[in-house]
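Enquirer: Take this sequence and fold it.
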Amino acid sequence: MNDQSHDPGASGGCPVAHGAGVTRLYGSDAERDPHGIYTVLREQHGAVAPILLEGDIPASLVLGYRENRRVLDNPLQFSRDSRIWRDWKEGRVAETSPLIQMLGWRPDCVSQDGEPHRRLRGAVTDNLLGVTGRGIRRHVTHFAHKLIDAFEDAGRADLVTDFADYLPMLVLTRVLGLAEREGRTLAESSNQILKGGADALAHNEKIMSVLGDLAARKRSEPGSDFASGLIGHSADLDEDELVNHLRLVLITGHTMTSNLLARALQLILTYPERRSELVSGQLNMSAVVEEVMWNTPPLAVLPGRFATSDLELGGCPIKEGDLLVLGLAAGNADPQIRPDTAVSVVGNQSHLAFSAGPHECPGQNLGQGIIETAVDVLLHRLHGLRLAVPPAELTSTASTWESRLDSLPVEFAA
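Expert: Modelled structure (predicted):
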């Protein structure tokens, strides 16, 4: 890569303030304190800041709430089609880059705008609606009890590694029509794709192989699952579209739900009064999830949008073909719209956690159903459930795209 590609001014984007170096949104500093980085960038640059992604690829990070909404609501100005991404078109992003797994073009609804997007998204939403109403809570209950059975007698567990990391994927195996035995491997591969790094490509190939086999099997042996529903949908998906939409639902459904479930459990266990209110019925789980989505959204940074022309965003010049990544966590905490983050957000659903606009996450009800049922089973199965460490000792590790709770050690009556 030549030196010019490291200069956001040479590739469009906001100029570096006061000649300071461009901030990397990956590496050890970003892993330890992403919110600290967002704060510094906001102070230096305002609502839009120049950053570097893996491989020192330049991008603009959108920090402001209103600026995030402008990008998300205007696909004519900010397209999801990465084929217009200048750094990719000009050969500065290799096909083997871990960024491709999150930003590269695919024949799925996320990579399209306009009529192609509407056709493909319709197939996804129609079938998600069907499977969400078809025994999803029964599947969650079954797998939640099965996971709890494995650690209940010990009187202690890690609710991240023993529960939240795997439950959503086990449910998704049933939803998609996969074998339960593949759940743990697929969960690990899905998490690795979000983490990025050198192994992201290999884990993606593993997932695509499993889903290719699933698609072939369901064409000859259809059932009442999501894969069969996609095959029979009037949108008439071709083979690449089919497999890539299975990938989309598998990865986003698992990673977002597992992260959100862990954070919801952290909130409940950190504040025992919340747990008491949930058990007594004074508080419903949707209010807890809403608070988590404001304060620790499962996807901290959303990839990505590409400018279709030269324009200005938040006082920052953006050039045609520039990459923008959307700071959902930063936007939710924008002091311009939320000057006091201690003020209750109950009943306020205007957070950015599920994105917004035409590409807003279509699987919200599926994730909500998994989390509500999982927490209900846990609280009623594990008596005397409490944190095994002080809340201040709980740690998180961030990648470019998300911040995940490392562990959630708990104790309970064996």
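Enquirer: lowest-pLDDT helix or strand in this protein?
Expert: helix 28-32 (a mean of 82; mean pLDDT, DSSP states H and E).
Enquirer: just checking, what packs against whichever helix or strand comes after it?
Expert: Once the chain leaves helix 28-32, the next helix or strand it forms, by DSSP states H and E, is helix 34-45. Packing partners of helix 34-45 (3 or more C-beta pairs under 8 Å, 6 or more residues apart in numbering; DSSP states H and E): strand 23-24, strand 48-53, helix 328-332. All C-beta atoms are positioned from the backbone trio N, CA, C, and that covers glycine.
Enquirer: For residue 109, which of the ones you listed is the nearest?
Expert: helix 328-332 (19.2 Å; C-beta to C-beta).
Enquirer: would you put the C-alpha positions of the closest one in PDB?
Expert: Provided in PDB are the C-alpha atoms of helix 328-332 (Å, rounded to 0.1, in the frame of the first residue of the first chain):
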ATOM      1  CA  LEU A 328     -24.300   3.200  16.500                       C
ATOM      2  CA  ALA A 329     -22.900   3.200  20.100                       C
ATOM      3  CA  ALA A 330     -21.400   6.700  19.600                       C
ATOM      4  CA  GLY A 331     -24.600   8.000  18.100                       C
ATOM      5  CA  ASN A 332     -26.800   6.600  20.900                       C
END
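Enquirer: Go through the least confident helix or strand of the chain and flag the buried ones.
Expert: For helix 28-32, the neighbour count (16 or more other C-beta atoms under 10 Å) marks residue 30 as buried.
Enquirer: before we move on, which element is residue 229 in?
Expert: Under the assignment here (DSSP H and E), residue 229 is part of helix 226-232.
Enquirer: need the next SSE after that helix, C-terminal direction.
Expert: Sequence order places helix 239-270 as the next helix or strand after helix 226-232, per DSSP H and E.
Enquirer: hey, least reliable of the helices and strands packed on helix 34-45 by pLDDT?
Expert: For the helices and strands packed on helix 34-45, mean pLDDT drops lowest on strand 23-24, to a mean of 93.
Enquirer: contacts for that one?
Expert: The set of residues external to strand 23-24 that reach it, using C-beta atoms under 8 Å, 6 or more residues apart in numbering, is 30, 37, 40-41, 49-53, 56.
Enquirer: ditto for stretch 275-287
Expert: By C-beta under 8 Å, 6+ apart, stretch 275-287 touches 264, 268-269, 274, 288, 346-347, 368, 371-372, 375-376, 379-380, 385.
Enquirer: Repeat that for stretch 206-219.
Expert: Residues contacting stretch 206-219 (C-beta under 8 Å, 6+ apart): 176-178, 182, 185-186, 189-190, 193, 225, 227-228, 231, 239, 242-243, 246-247, 250-251.
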